[in-house]
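> Have a look at this fold, sequence not included:
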């Protein structure tokens, strides 16, 4: 089974987890073979012309596909016993998206503009106006239509009223005979004395009170209408129920309890709740929209409901959360068959929503868990703290008598208690100073001058690593004034006196003291870049054990959702601000709660893929530097040194032995190999001299010119000797021109130079023996030069890195900086020169016919990008977990990494998981390039490490400036597009590129190389363990969310049973509880399917665990198998010390 990163849902998954208000059935379509495809059905349906309105009303057609294409009940195969949560919508084998209509192109729409205009204008008139009504009573004429009904029939006033008794908020379109148009009017203005009747299913009560004026607000506007309340006697003898109760039973939320004059339909309040939570729009603008919907021309004449609307929407959302959290059902009381509260560890009356994946003992995990310390990440709670200054509050002259409905019940603490602590606690001087002097954070620059016009400068949020908010707290004057909830980016400063502050403020809260003593802190991955060297060394998350891949930036995700709300809440009262922010944050948490399984699946696949890659990095690094790995006793497999000097010595010795067989007096003869080697050395000096001249032209210095002059003198001497020996080897070859003033321009007439300028290839039959021998000898020397050139480029690259490191450590002042800059320029010059010399050696081999121009083997072209490697003197940066160095740092296999085989120790195939022998064997890992459904993040710089059977985003387009044909996203014809240049990994660091050669042992460069390799090894080890912990943690979190969903479903089921028992049978309370129970059962079912899906990264042995303790045991034993290679190399498994 392949482990792929895919958004494909497992079999049996129900995507409609939020559609809990609608019944769901399990359907199976058995369409005949001759039935048209779904796309053809939609195409045919779209071409059907709508018939003219019928004279008599007809039953409404079924919603969905055309009725003629729907199978019969027998074909559908209804299953009354099928659970609602196991059903899915009908779709073809490619997924539900195939039945959706595609969006028409703008050109298609524009081409039909005249038709659209004609039909839209025709809707403003009906040819049946003033004709007899279909009721046939008297002289009733058709004069009233409906603006809100689809395909509404034109009726007489009485028929229209009878039809809209239960739809009183529909706007009537009444024919204005004088001005000849349909005028929009309210329900009560269609006929004289018309009124909306409450009770009796919309019919007028025989004991109805006199109709009263009433403002009824719906999604289509504000209606100035008349209401007639029911006057029937109640069981208590009263003449009708209280008016606000009658309104509620009719689906109208009253604007007040006593004599309500305004009411809001429940769909309107639900619509606004969803719009506010997601869109963060202001209530003021929403009311303006309602006014314009009522009368777009004279909106000022529409009643103003803004003040009442603010209070009602807050109260409605409070009631909604109270119901959804179970407090209307008495959830804080012990459930039937239980002795304690359903959630004993939560505060009594807490209305917030807690994360389902985070550990909650006694709910989603056992109360007591025995677990090795190095596996504590399976049960740890990860929290982030961050401050936000856009959710502030301006000073208000008078907050009035407004009261927060959620005071202390949701995410903000009790406001009076918090204000008391904030007023009484005086920040000490040491708390005002940041311990990290280079920290650019908010502590040292926050004060009354910056936030002088705000009563509250912002909020601090505490969120888990799943971005579920647990608490919020106000910041009166900045983060340093908050009693103890400081921003996590200030951890280095906050932790120093955190325990002392807690003991002073909360002396009786011993649990808090213990928690602060045992907490493990860090600075998040992005914020740490603004800290000093000490903080970056001490508080980098990836170097902490059992931290998984906890980057600590999850609270930042919340601010993107909350920030748009600040523009409206900063002008609210303090109570309203807390309520609104509580409601919006709760909507955010609910979204995370419903989608936990999908999000965890994406993270699990990502963790598996990156763990495999980092383990391959570490294993190859360990084998490359076996003798240098701590506690490693195996021998080094680094090969012997092979340089061009070694090659030359061997060739000279071979040539002399050959000449002795012909002429015993060979001591005075010129060696062809030695002559060619000297010519190559002269070419190298010429290239370097030209590079110096270019550098001097851009940066003229006396020292540089003196070096150029000395090298020219030396070059003239070498050229004279070389040309004299050339006469002996090539007596008939005319010498090239020589300018002693510019000797670097002299042509060196080696075989490669002559072939470049037209000499026939050495394979020709008329080539002389001396030409053939010269060509073969130069080829051998050029190969050695190319291989030595790779070593030289490596040495120059590391030398440049060392110079950059010394620049920050050793130089101070302007003079030192200038000298440092000059050293860097020299190092860059040397690196560029070595790259050029390598490419010249490769080009010579091409001229000699040894390889093709575009060939990558045995020597590929080199650019500066090929020398890339992360600087070891730099601290870890954001995104380094997905960034890989050139593979030379961890390969000694003698082959390219693309030809190596990356293997997996994770049993992804259920069949192999049952066999212990196959379970321990490594299976090939195939990584898909599919992006996650949310927040897609492409893998960076994986070209060299990715095997041929591993697909990685961007592999085909990493060549700089490459032109390639890319398939379009919609499957249409491919498009030629210039790909953006991307930074490639340095292939020169591959072991195969150097053929086992080493840089040498002498000098500081060798020491720097050794130190650099140690840094790379420990980095790879840390990344591997963190991604392993992440993969393990995701399985533990999956078990927790399944248990949480199961527990929530059980609680709601018991609440429903208790409600039925107390009320003597089913009622609204019990039905609501059963609906909630069904929703959680569906969530549990979907999470289970995803948890066990091998395609979504499931470990097929771990998913068989039936308890949390068994999962811990399986994970612990699996580590012994997956790290067997470390035991074989006697490498200590560092996680056992965690």
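Yes, it's here. What you see is a predicted model; the values in this text were computed from it and never measured.
> Look up phi and psi at residue 496.
phi -60, psi -50 (degrees, to the nearest 10).
> neighbours of it, just the number please.
By other Cβ atoms under 10 Å, the residues close to residue 496 number 14. Every C-beta, even on glycine, is put in place using the N, C-alpha and C of the backbone.
> Give me the local confidence score for it.
Listed pLDDT for residue 496 reads 74.
> how close does it get to residue 507?
From residue 496 over to residue 507 the distance is 20 Å, taken as Cβ to Cβ, to the nearest Å.
> Please apply the same query to residue 191.
Distance of residue 191 to residue 507, computed by Cβ to Cβ: 73 Å.
> ditto for residue 786
Counting by Cβ to Cβ, the separation of residue 786 from residue 507 is 74 Å.
> Who has more neighbours out of these two?
Between residue 786 and residue 507, counted using other Cβ under 10 Å, the more crowded position is residue 786 (23 against 9).
> for the helix or strand that one falls within, what is the average pLDDT?
Using DSSP states H and E, residue 786 maps to helix 769-810. Helix 769-810 shows a mean pLDDT of 77.
> pLDDT weak spots in the stretch 501-650 of the chain?
Residues of the stretch 501-650 of the chain meeting the criterion pLDDT under 70: 525-526, 529-530, 532-534, 537, 630-650.
> Please enumerate the helices of it.
Along the stretch 501-650 of the chain, counting by DSSP state H, counting those that start in this stretch, helices occupy 510-518, 533-538, 554-562, 566-569, 574-594, 596-624, 644-660.
> Identify whichever of those helices lies nearest to residue 821.
Residue 821 sits nearest to helix 533-538 of all these, at 21.8 Å, using Cβ to Cβ.
> how much space between residue 600 and residue 407?
With distances taken as Cβ to Cβ, residue 600 is found 34 Å from residue 407.
> Neighbour count for the two, which is higher?
Between residue 600 and residue 407, counted using other Cβ under 10 Å, the more crowded position is residue 600 (25 against 17).
> The more buried one: what's it in contact with?
357, 1034, 1037, 1038, 1041, 1090 (Cβ atoms under 8 Å, 6 or more residues apart in numbering).
> can we see that at 10 Å?
Residue 600 makes contacts with 356-357, 466, 1033-1035, 1037-1038, 1040-1041, 1087, 1090-1091, 1096-1097, as judged by Cβ atoms under 10 Å, 6 or more residues apart in numbering.
> out of those, what pair is the most spread apart?
Within these, 356 and 1097 form the most distant pair, 19.2 Å apart (Cβ to Cβ).
> tell me the mean pLDDT over the helix or strand just after the helix holding residue 786?
Beyond helix 769-810 in the direction of the C-terminus, DSSP H and E gives the next helix or strand as helix 813-847. On average, the pLDDT along helix 813-847 is 80.
> now swap in stretch 381-401 and tell me
Averaged over stretch 381-401, pLDDT sits at 80.
> which parts of that stretch are buried?
For stretch 381-401, a neighbour-count test (16 or more other Cβ atoms under 10 Å) marks 382, 383, 384, 385, 386, 387, 388, 389, 391, 392, 393 as buried.
> just those now: which is nearest residue 166?
Of the buried residues of stretch 381-401, the one sitting nearest to residue 166 (Cβ to Cβ) turns out to be residue 391, at 42.4 Å.
> Check for me that that closest one belongs to a strand.
No: when DSSP: H, G, I helix; E, B strand; the rest coil is applied, residue 391 is found to be coil, with no strand at that position.
> Where does pLDDT dip in the stretch 851-1000 of the chain?
869-1000.
> mind running it again at 50?
Residues of the stretch 851-1000 of the chain that meet the criterion pLDDT under 50 lie in 886-905, 908-985, 990-992, 994-1000.
> The longest helix along the chain versus helix 769-810: what angle between them?
As assigned by DSSP state H, the longest helix anywhere in the chain is helix 1003-1063. Calculated by axes from the mean of the first three to the mean of the last three Cα atoms, to 10 degrees, helix 1003-1063 forms an angle of 60 degrees with helix 769-810.
> Just list what helix 1003-1063 packs against, helices and strands only.
Packed against helix 1003-1063, as judged by 3 or more Cβ pairs under 10 Å, 6 or more residues apart in numbering; DSSP states H and E, are the following elements: helix 574-594, helix 596-624, helix 769-810, helix 1068-1091, helix 1108-1122.
> repeat that for 6 Å
Packing partners of helix 1003-1063 (3 or more Cβ pairs under 6 Å, 6 or more residues apart in numbering; DSSP states H and E): helix 596-624, helix 1068-1091.
> Kindly calculate the angle that it makes with helix 1068-1091.
150 degrees.
> in stretch 1048-1065, what counts as buried?
Neighbour counts using 16+ other Cβ under 10 Å place 1048-1060 of stretch 1048-1065 among the buried residues.
> er, stretch 1118-1137 I mean
Across stretch 1118-1137, burial judged by 16+ other Cβ under 10 Å covers 1118, 1119, 1122, 1123, 1126, 1129, 1131, 1135.
> ok, the closest residue to residue 1087 other than its chain neighbours - contacts?
Using Cβ to Cβ, 6 or more residues apart in numbering and skipping residues adjacent in sequence, the residue nearest residue 1087 is residue 597, 4.0 Å away. Neighbour list for residue 597: 1086, 1087, 1090 [criterion: Cβ atoms under 6 Å, 6 or more residues apart in numbering].
> run the last query once more with 7 Å
Residues near residue 597 by Cβ atoms under 7 Å, 6 or more residues apart in numbering: 1041, 1086, 1087, 1090.
> Is it possible to get TSV of those that adds pLDDT?
Shown next, in TSV, are those (pLDDT from 0 to 100):
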residue	pLDDT
1041	95
1086	94
1087	94
1090	93
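> ok, these vs residue 717, which is closest?
Looking across those and measuring by Cβ to Cβ, the closest to residue 717 is residue 1090, at 76.9 Å.
> Quick check: that closest one vs residue 1076, distance?
According to Cβ to Cβ, residue 1090 and residue 1076 sit 21 Å apart.
> Settle it for me: which of the two has more neighbours?
More crowded of residue 1090 and residue 1076, by other Cβ under 10 Å: residue 1090, with 25 against 22.
> quick one: that one and residue 603 touch, right?
No: using Cβ atoms under 7 Å, residue 1090 is not in contact with residue 603; the gap is 11.8 Å.
> could the helices of the stretch 501-650 of the chain go into a markdown table alongside distance to residue 1080?
Converted to a markdown table, the helices of the stretch 501-650 of the chain look like this (distance: least, Cβ to Cβ, whole Å):
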| stretch | distance to residue 1080 |
| --- | --- |
| helix 510-518 | 30 |
| helix 533-538 | 43 |
| helix 554-562 | 24 |
| helix 566-569 | 32 |
| helix 574-594 | 10 |
| helix 596-624 | 12 |
| helix 644-660 | 73 |
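> Tell me which of the ones you listed lies nearest to residue 1021.
When the helices of the stretch 501-650 of the chain are compared by Cβ to Cβ, helix 596-624 sits nearest residue 1021, at 5.6 Å.
> Taking their axis directions, the closest one and helix 1003-1063 sit at what angle?
Using the same axes, to 10 degrees: helix 596-624 against helix 1003-1063 is 160 degrees.
> which other residues reach stretch 132-149?
Residues outside stretch 132-149 that contact it (Cβ under 7 Å, 6+ apart): 55-56, 126, 128-131, 152, 154-160, 170-175, 182, 184, 190, 220.
> Fine by me, we can end here.
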